[in-house]
Every structure is written in structure tokens, then in C-alpha cells.
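**Q** fold the following for me, if possible:
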Amino acid sequence: MAVQITIKEAVKKIIDKSSVMIGGFLGAAVPLKMIDEIAVAGIKDLTVISIGAGYRGGGVDIGKLVLNKQIKKYVTSHVGTDPNLITQIMATAADIISAEVDKIVGLRAYWGPFRPWV
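**A** So this is what the prediction gives:
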């Protein structure tokens with residue numbers, strides 16, 4: 001039988017310097033309530049793994065963690081939509097690790113390039 005826990009209970013399991021993978025893309029299918037709880041909890045120095053860097057303009061979904069400066073390292077394939085994250089990267093307040101989409105979603109078991117048109 002599956003065990004279900006609340007969002008608050010799940011966030012209590014996340015500590016400073018944790019790695020968190022967040023689903024969704026540019027505001028679609030993003031776990032907004034979970035992100036809100038992480039933001040309120042004030043967990044610091046997170047490594048966030050996500051396909052996109054949040055909704056255009058920033059400050060929404062993952063952008064809340066960016067504004068709170070809770071992200072220390074960001075593994076993503078797309079950062080261009082959140083100006084606050086770009087500012088932090090340029091100021092070296094956050095590290096960015098660029099990865100191709102197929103690696104983030106687990107379609108590749110190795111770190112080789114994925115270019116189906118080649």
C-alpha cells in the first residue's frame with residue numbers, strides 16, 4: 001500500500017544543501033505548492049535540477065527560490081526566462097550546470113550528445 005505524506009511533511013525532509021528535482025516547464029505542470037513550502041521553509045544552498053528556469057519574467061514557481069537566494073547550484077537545459085537567475089549567475093551567487101534535456105529527464109544513461117538529426 002502506498003504511503004502518502006503532506007507537502008509540509010515532504011518539505012521537512014529537505015535540509016540545507018539538498019538536491020531537489022522539480023518537474024514542469026515554464027509554469028506548466030510545476031509543483032507550485034511544494035515550491036511555495038520550500039520558499040517559506042527557508043532551506044538554503046539547494047541544488048535544483050529542472051528542465052527550465054521558471055516562468056518568464058521570474059518571481060514565479062522556481063523563481064521564488066531564486067528571489068530568496070535559496071539556490072546555490074542549478075542544473076538545467078534552459079535559463080533564459082528568469083532575469084533574476086541570470087543576474088545571480090552573472091554575479092556568481094548561483095552556479096549553473098547546463099545539461100541537455102534528454103539527460104535531465106533520464107533518456108540517456110551516459111553524458112554523450114543527443115542530436116537525432118545528425
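
**Q** quick check, Lys69 in a strand?
**A** No: counting by DSSP: H, G, I helix; E, B strand; the rest coil, Lys69 is not found in a strand; it is coil.

**Q** return the distance of it relative to Gly27.
**A** 21 Å (Cβ to Cβ, to the nearest Å). (Glycine included, C-beta is placed from N, CA and C.)

**Q** more neighbours: which of these two?
**A** Neighbours per residue, other Cβ atoms under 10 Å: of Lys69 and Gly27, the larger number sits with Gly27, 16 against 13.

**Q** tell me where this protein has helices.
**A** 7-12, 32-41, 62-67, 83-90, 101-104 (DSSP state H).

**Q** go through these and name the closest to Ala53.
**A** Proximity to Ala53 (Cβ to Cβ) singles out helix 83-90 among the helices of the chain, at 5.2 Å.

**Q** what is the closest one packed up against?
**A** helix 62-67, strand 71-76 (3 or more Cβ pairs under 8 Å, 6 or more residues apart in numbering; DSSP states H and E).
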